[in-house]
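Trainee: just the structure for this:
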Amino acid sequence: MTRIRCVMMQKNEATLLEPWILWHAAIFGFPSLTVIDNGSTDPAVLEIQSRYEEKGVRIIRDHASNSDFLHKGEVIANIIRQWDAEESYDFAVPLDCDEFLTVFLDQLSLDPDVIRRQFDYLKQENATFITERLLLNVPEAPDYYRPQIVRRGLFRAHTIVSLDRGFHNPQSIYPNRYVRTPFVYLHLHNRPDYEDIRRFARQKLTATDTGAQPEHPKDGTHLHYYFNASYQDFLASYSLTPDLYAPMIAQRFRDLGVDPDILLGTGESVPHPPLSIPSGFVAHRARDNGQQHEYRVFDPLYYTQSNPDVTQDPYYGIWPLIHYVTLGWDEGRPPDPHDGPALVLRMDKAT
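Mentor: So this is what the prediction gives:
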């Protein structure tokens, strides 16, 4: 059996910590999870850690400084090297507390068996493994996610060379061969309360006030956005961008005993049609200032085979789905072999 270990650093993540543990324990088991506590003081977080430590989760408490956070990549790389010495794993997966592992092949899958099976297929590869696809939750729109291309990585045993704090530049002993994995990270970065987003951004920015130097000069600069943008500006940045409708994600959290509302919010500004979705998602876009919503079935294999210009593009070739929702839909490219009409729903205007 392929042995996978996940490692994550967190501080005071009272909302996300338990869902993160339950999600990945359902795939890999509690003993396969390592949580590095970066100096949490929230009693709820301390209780969660103690409770799951009894179930087998490894809690590391000796990396509690701001400097440890600024050099998170190095801290995690050293833990992975320790696992190498112990011969205790086949793959190491560095994650953040707002990241949840899924698989996207011809459909979106949250099935633990399917996720584990992908590691079996990768086991014989001698390469640096890159995971470049994220699904970012859309604020005030539970069940809706924006697909993104963001470079991340994971490691086969005995291959790690280095890891940066953001996990964006993984280096292995195979610098000349990269393999894209079929994994997608569900990225629940957009907390339902905008002030919570700001609070955690401030917590991370505070680490730079100690005099400790970050690994990269631009680390953390994106966090300033939340203090320069109003909440309405923040919401507007998502309103015109097509995304995906994937209610199966919230259902998966319910199945794990987690209330998805605490993670995704309860926004009622978008519809939640009770669709039967074999692929796990449909493409979605809003029109008429959010009063009209259109949904289209998307077949990843068909779209890839039908659009060689997309698959050969150095950016869109990573995830042709992004080409469809940002360009192909407006260009009239068929998203599936049937090319049926979009489902169109109208929202009543507030009075």
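
Trainee: I'd like to know which elements the longest strand belonging to the chain is packed against.
Mentor: Looking across the chain with DSSP state E, the single longest strand is strand 144-156. If you count contacts as 3 or more C-beta pairs under 8 Å, 6 or more residues apart in numbering; DSSP states H and E, strand 144-156 packs onto strand 91-95, strand 128-137, strand 183-187, strand 243-245, helix 320-323. Using the backbone N, CA and C atoms, a C-beta is placed for each residue, glycine as well.

Trainee: in that strand, which residues are buried?
Mentor: By neighbour count on 16 or more other C-beta atoms under 10 Å, the buried set for strand 144-156 is 144-147, 152-156.

Trainee: what pairs with that strand, parallel or antiparallel?
Mentor: Using DSSP bridges, strand 144-156 pairs in its sheet with strand 91-95 (antiparallel), strand 128-137 (antiparallel), strand 243-245 (antiparallel).

Trainee: per-residue pLDDT, Thr351?
Mentor: pLDDT recorded at Thr351 is 28.

Trainee: the stretch 101-250 of the chain: helices as residue ranges?
Mentor: For the stretch 101-250 of the chain, applying DSSP state H, counting those that start in this stretch gives helices covering 112-122, 194-206, 225-228, 231-239, 248-255.

Trainee: same list (the ones you listed) but as JSON lines, adding distance to Gly290.
Mentor: Converted to JSON lines, these look like this (distance: least, C-beta to C-beta, whole Å):
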{"stretch": "helix 112-122", "distance to Gly290": "34"}
{"stretch": "helix 194-206", "distance to Gly290": "18"}
{"stretch": "helix 225-228", "distance to Gly290": "22"}
{"stretch": "helix 231-239", "distance to Gly290": "6"}
{"stretch": "helix 248-255", "distance to Gly290": "21"}
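
Trainee: now do the contacts for Pro335.
Mentor: 283, 296-299, 302-303, 324, 328-329 (C-beta atoms under 8 Å, 6 or more residues apart in numbering).

Trainee: restricted to helices, list those.
Mentor: Here DSSP state H is the test, and the contacts of Pro335 give 302-303, 329 as lying in helices.

Trainee: mind listing what's buried along the helix or strand of the chain with the lowest mean pLDDT?
Mentor: Within the chain, no helix or strand scores below helix 194-206, which has a mean of 85 by mean pLDDT, DSSP states H and E. Within helix 194-206, the residues that qualify as buried are 194, 197, 200-201, counting by 16+ other C-beta under 10 Å.

Trainee: Tyr145 and Phe91, how far apart?
Mentor: Using C-beta to C-beta, to the nearest Å, one gets 25 Å for the distance from Tyr145 to Phe91.

Trainee: I meant to write Arg5 there.
Mentor: Counting by C-beta to C-beta - Arg5 and Phe91 are separated by 7 Å.

Trainee: hey, where'd the helices end up in the stretch 251-351 of the chain?
Mentor: Listed in chain order, the helices of the stretch 251-351 of the chain (DSSP H, counting those that start in this stretch) span 261-264, 300-306, 308-311, 320-323, 329-331.

Trainee: restricting to C-alpha, output the fourth one in CSV.
Mentor: What that stands for is helix 320-323. Extracted in CSV, the C-alpha atoms of helix 320-323 (Å, rounded to 0.1, in the frame of the first residue of the first chain):
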residue,chain,number,x,y,z
PRO,A,320,-8.4,23.7,-20.6
LEU,A,321,-11.4,24.2,-18.3
ILE,A,322,-10.1,27.7,-17.5
HIS,A,323,-9.9,28.5,-21.2
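
Trainee: tell me which residues are up against it.
Mentor: 147-149, 244, 283, 298, 300, 303-304, 307, 310-311, 313, 316.

Trainee: could you double-check that His158 lies in contact with Trp83?
Mentor: No - using C-beta atoms under 8 Å, His158 makes no contact with Trp83, being 9.5 Å away.

Trainee: run a quick neighbour tally on Thr326.
Mentor: A total of 14 residues lie near Thr326 under the criterion other C-beta atoms under 10 Å.

Trainee: I figured it hits Ala283, correct?
Mentor: No - using C-beta under 8 Å, Thr326 is not in contact with Ala283, being 10.5 Å away.
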